[in-house]
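# heads up, no residue letters with this:
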Ligand SMILES: Cc1ncc(COP(=O)(O)O)c(C=O)c1O
């Protein structure tokens, strides 16, 4: 395979059979359309290129900016395509809730504008939501923005009607599957594919999956939100069902751990929703000797959603409630074991002690730079924790005065140092705040 | 009729007990008339304690300033005045609120003056030693001029900042969190003039810190603003100033509706009604800002998010625990490590569960034959109960006058009309479901209306009476009451003060 441009690698993705031992359907062959194997990593590569191509090929590196309301995959594809053509890309969204995706977009060179949250004190006469505002700015006569408008642009649907749909039919030897299942984000893939499949066989059943109303699955919409999508037509779907984020993650884990498919949450949602929906139909087929086929779409890959998984199911990433390692000292133990010293004594000690104590300020460097005890060193608590894991970081002959904001963290570290054999580590009672309140001097750098 | 779509209110214990004493509430309205506002002053103190617990958990010092604009009551203010002066203050936004706060027992040093200020407001604030939250360099100059002209002492000021939009990262790529435009405060990028003015007027004003109040439910925006204020205060320190307090305003929110499911069902139904796939849920198909454009819903629902999983103290806790975008540490650590006091100005959330508004049913009649819907006319108007004004959707609780007769229990959809002779005088434009049809003489209790809904817009229109307000207190098995203006936190409610 030799290409002149990465854009030629868009489309022609594999259709892979899911092992019946995994899904447990006895009479239905289940296939995954692996859109995650598009070059930029998702099903959105197709519409992004199809919507932007003519604009980008016309733009001769000028100062145009491509804009899209996208929180993820469309933005990723458009940003890469824009970059290849010397055009800027800006994503405007209020759905950017997955930090890795945000950082990936920044790496690609996108600008991100996040829309503000809703008003706390409502003005019901103001129906001017941020999005309306945004659309108005785009249609300004002087604006140099190119808006791909994925939620309303028919070329989004067309990309799938010309690519994804026919590819599925071709790989099923010219037949349409009996069921087609897709998650609904912009409705582009489900609408485009459904159209083609129905042209082949009007009996195809189409299942659209949305997120449970009070839940969040990155990339797809809730049952209310789909009504805000211009491409969404309820008539496209025979059934619309909702899935929870838990189901999405369950499905994703099955695809990853049992099928070797490194799918993201919407692929997982599609798989889980498919199996849930088809289990009944499968039972009905028992003993009839008939076989059916179903196809679902795996939209994108797992890597960008580690934070999402970490937040919802930390145990999948081998995390348990973090215990305090070096400072495996309880509050009660710290209070019982640590030495404390009041501000007045500490002032005298640090001025006249023989030897003088090393004063360690455990706050962040920024706070330390703003104001600190003269002569203190700054070791931020997280770093200090790591240091202790490696062993005692000070000579036993050097007395240590530990200081944090209120004397709580320093108490625990003083106890930890004592346990590690340090003879004279003391915690500043009441911390830097007590120091300040006593009128003791603080300096800044 | 479709299954009734309820939006039943969240009712916590003290208010729940009050609601269950129907004879007491009926007797109050019999004596004092409808509409009537009933307040639980002790509940406001409990809310303070919950906010203080969040402070405690994060080791933070500073004050909870009640945003007076949320409610006019004297009882609430006096109850708050009796709390620890170091912990509780009041935020006033007009000269009358300031006078009221002073009259309720707040000393000047516990008062924060915010909002638009005329000369009288500035003078009285300065006279009593209140802290003034300044909106602009111009306001600072006016205040300084006034202090000099009248030989007044040096007063503490905060500077209110706005415009926290910023671009991270050089050369195009980066993120910008847009924020809602505010009429108040000095944009962060224009603070140079403000700082020079503070330095120039150092002998009249003592600069004690920065402030913001963002009208948004988004915690990320607030965390970002908080961090930028900390960075700003650092710059101030570098210039030799010594600010030590950060006031992050109010807007911590209230959950009005008890069940997420009910809220979810209702809002979905609203979208469907706007799209025309189900019958309207509102008077004349009002869409609360949503509109149907060729089968697609456009616009944003102008509704308060009435079901909120975290609100009030929980929201503050969440905000303080969020990682900050630039320095990485959560806001609580930032404040603590930079030795800053945290001030907050909760309005609505501090008076959460502190009272209810009662209205008597005057008349009940079918909207039209066959619709199954009724128009319930109340002795109250949309000014007494500005739920619509604030986009708050929550059901009233029906308090029948007598015992319900058997067979009375059919749920029914009603529109609540006010007592003004105006087509537009609806208490809510939403079709409200009640467990049965009310009768003339029954009461409807609007729960949790103390924050903004109760008396924010109340006025004498068409010579209808404005609601009277009473404070109530439970002693043993019975409730006692007194007029709001007669409440003092040192006297049992309903007894003479000279007995103490
Ligand atoms: C400066 C200021 N502080 C506090 C508040 C109170 O906010 P809330 O009632 O939402 O807590 C407001 C409300 O508008 C305000 O403008």
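Noted; the coordinates are in hand. No experiment lies behind these values; they were computed from the predicted model shown. Numbering: from 1, shown residues only, chains lettered A, B, ... in the order given.
# which parts of chain A sit against the ligand?
Contact residues, chain A versus the ligand (C-beta under 6 Å from any ligand atom): A:120-121. The C-beta positions use only the backbone N, C-alpha and C, and glycine is treated the same way.
# what's the weakest-modelled helix or strand in chain A?
Comparing every helix and strand of chain A by mean pLDDT, DSSP states H and E singles out helix A:130-138 as the least confident one, with a mean of 73.
# ok, now chain B?
Ranked by mean pLDDT, DSSP H and E, the weakest helix or strand in chain B is strand B:174-177, scoring a mean of 74.
# pull the distance from it to the chain's centre.
A distance of 30 Å separates the centroid of the chain from that of strand B:174-177, by C-alpha atoms, centre = their mean, to the nearest Å.
# next secondary structure element downstream of it?
Taking DSSP states H and E as the definition, the helix or strand that follows strand B:174-177 towards the C-terminus is strand B:186-187.
# buried residues of the helix or strand following that next one, list them for me.
The helix or strand immediately downstream of strand B:186-187 is helix B:191-200, counting by DSSP H and E. The neighbour-count check on helix B:191-200 (16 or more other C-beta atoms under 10 Å in any protein chain shown) flags B:191, B:194-195, B:197-198 as buried.
# go on, stretch A:200-208?
Of the residues in stretch A:200-208, A:200, A:204-208 count as buried by neighbour count, 16+ other C-beta under 10 Å.
# ok, of these, which one's closest to chain B?
Using C-beta to the nearest C-beta, residue A:208 is the member of the buried residues of stretch A:200-208 that sits closest to chain B, with 15.6 Å.
# if we can go back for a sec, need the buried residues of helix B:191-200 in a markdown table with distance to chain A and pLDDT, can you?
Putting those into a markdown table (distance: C-beta to the nearest C-beta, whole Å; pLDDT from 0 to 100) gives the following:
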| residue | distance to chain A | pLDDT |
| --- | --- | --- |
| B:191 | 17 | 91 |
| B:194 | 20 | 93 |
| B:195 | 16 | 94 |
| B:197 | 23 | 94 |
| B:198 | 18 | 95 |
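# the longest strand out of those in chain B pairs with which strands?
Secondary structure of chain B per DSSP state E: the longest strand is strand B:355-366. Taking DSSP bridges as the criterion, strand B:355-366 sits next to strand B:36-39 (antiparallel), strand B:373-378 (antiparallel), strand B:443-447 (antiparallel) in its sheet.
# for the residue in chain B that chain A sits nearest to, give me its contacts.
With C-beta to the nearest C-beta, the shortest gap between chain B and chain A falls at residue B:218, namely 2.5 Å. With contact set as C-beta atoms under 8 Å, 6 or more residues apart in numbering or on different chains, residue B:218 has these partners: A:116-118.
# nearest to residue B:403 among those?
Here the nearest of the contacts of residue B:218 to residue B:403, counting by C-beta to C-beta, is residue A:118; it sits at 43.4 Å.
# what's the distance between that closest one and residue A:247?
Residue A:118 sits 28 Å away from residue A:247, taking C-beta to C-beta, to the nearest Å as the criterion.
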